[in-house]
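# coords please:
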Amino acid sequence: MTPEPERGTGRFASGARRELAWAAPVALAAALPLAVVLARGGTLAWGDTAALFAPVRPLVVAALRAFRAPLWNPFEAMGIPLHAQLIHGALHPVSWLTALLAPGGGMDALLVANVVLAGLGAGALARTLGASRAGAAVAGCGYALSGYVLGMSAVLTYQTAAAIAPWVVAGIAVVALFALVAVNRFSSTNSPSTNAMSNAPFAGGAGGAGAVDISSMSPEERAQRLFNRVMRLQSENKMDSVQFFAPMALDAYFALPSMDDDSRYDVGRIAEAVGAFPLAKAQADTILRSSPNDLLGLALAMRVARETKDTQAAGDFAKRLLAAAPKERKKDNAAYKAHAADLDLALKEAAR
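You can find the predicted model right below:
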């Protein structure tokens, strides 16, 4: 019998394949126009790149391929330090890779690599900020083929900076997110109104009794458990704990392989609980775009409109909810059953 691959490994591989859905087109779209120029016998290097950097590039490539630092330029004046001239970025990772993989490519290989790296970085930044894969592809292509990134092929230093800038910003965003979670965790732990054990996201009861082994839960079960915790804490008016657990719950949902309307409703309710009304509205809009009479989508849209003081929209959604309810509630809809209490309350509010 062939052993099954570990669940974590398979999930990682599946996630990596899904990310290729935007990364591969971005890399291709960024490189293709440049490849056409090179195929016609042209060059991408001009301005300072052609006059200042290109003549030195063979020295850098030769040194890196010999696995030694490019320390000296014997061809300028009576010889000058090369590695000390930081503008050449001799030991930059892209410089290393192009020297090893495309030694005959000269400056053109380095410039193509920078443009591709810029596009992938912009896409990665977009994904970090919550964009869809399609949105990441648009962001990556738009940035890689922008006038600035392409125009800075005239000044290698500036183009290299443009290529790594999105990666740096994405890294800062990730670090900031972890810092925010850490600060919230510390604040929650030291808050007199919050008991860390009883509010543990996977605790089974008061004081953490009957805690569940997280590793035994599927991603969907973890997300649902966190959703239930946030909703319970909101009903108990423990808003400090809601603010603490909501980001964890949202991360759990965004990490799911795919999201159905039920999951989007859960995300909308969590966002609504912490006042993130644009996110909640986006979930309602997505649900109603595919199912205009979906009761959960209408209920969520109505609540968000009321919270944001959009009286006209709230009234319109209330009318649609009341009109659709008799037919929709006859359906064998698992999401309707799971959120029956929410729907009952929303219908009462809509009838007022």
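
# and for residue 39, the neighbour number?
Burial of residue 39, expressed as a neighbour count using other CB atoms under 10 Å, amounts to 8. (C-beta placed from N, C-alpha, C; glycine too.)

# from residue 218, how far out is it?
In this view, residue 39 and residue 218 are 49 Å apart by CB to CB, to the nearest Å.

# correct me, but residue 106 touches residue 57?
Yes - in terms of CB atoms under 8 Å, residue 106 counts as a neighbour of residue 57; the distance is 5.7 Å.

# ok, these two, which is more surrounded?
Set side by side, residue 106 and residue 57 show unequal neighbour counts under other CB under 10 Å, the larger going to residue 57 at 24 against 18.

# can you give the distance of whatever helix or strand the more buried one lives in from its chain's centre?
Secondary structure here is read from DSSP states H and E; on that basis residue 57 sits in helix 57-65. In terms of CA atoms, centre = their mean, to the nearest Å, the gap separating the centre of helix 57-65 from the centre of its chain is 37 Å.

# for that helix, buried residues please.
Residues 57, 59, 60, 61, 63, 64 are the ones in helix 57-65 that count as buried (16 or more other CB atoms under 10 Å).

# okay, now the domains of the protein?
Under the assignment named as automatic domain parsing, the residue ranges that make up the domains of the chain are 15-175, 194-204+216-351.

# for those domains, which one sits closest to residue 183?
Proximity of these to residue 183 was assessed by CB to CB; the nearest stretch is domain 194-204+216-351, lying at 10.0 Å.

# how about low-confidence regions in the stretch 201-350 of the chain?
Across the stretch 201-350 of the chain, the stretches falling below the confidence threshold (pLDDT under 70) are 201-215.

# run the last query once more with 90
Across the stretch 201-350 of the chain, the ranges flagged by pLDDT under 90 are 201-223, 238-246, 248-249, 251-252, 254-259, 329, 338.

# now the strands for it?
Secondary structure of the stretch 201-350 of the chain, counting by DSSP state E, counting those that start in this stretch: no strands present.

# now the helices for it?
With helices called from DSSP state H, counting those that start in this stretch, the stretch 201-350 of the chain shows them at 219-235, 239-254, 261-273, 277-290, 295-307, 311-328, 334-338, 340-351.

# residue 334 against residue 262, yeah?
Yes - when contacts are counted by CB under 8 Å, residue 334 is listed as touching residue 262 (7.3 Å).

# contacts for the helix holding residue 57 next, please.
Outside helix 57-65, the residues within contact range by CB atoms under 8 Å, 6 or more residues apart in numbering are 69-71, 73, 75, 82, 88, 90, 95-96, 99-100, 103, 106-107, 110.
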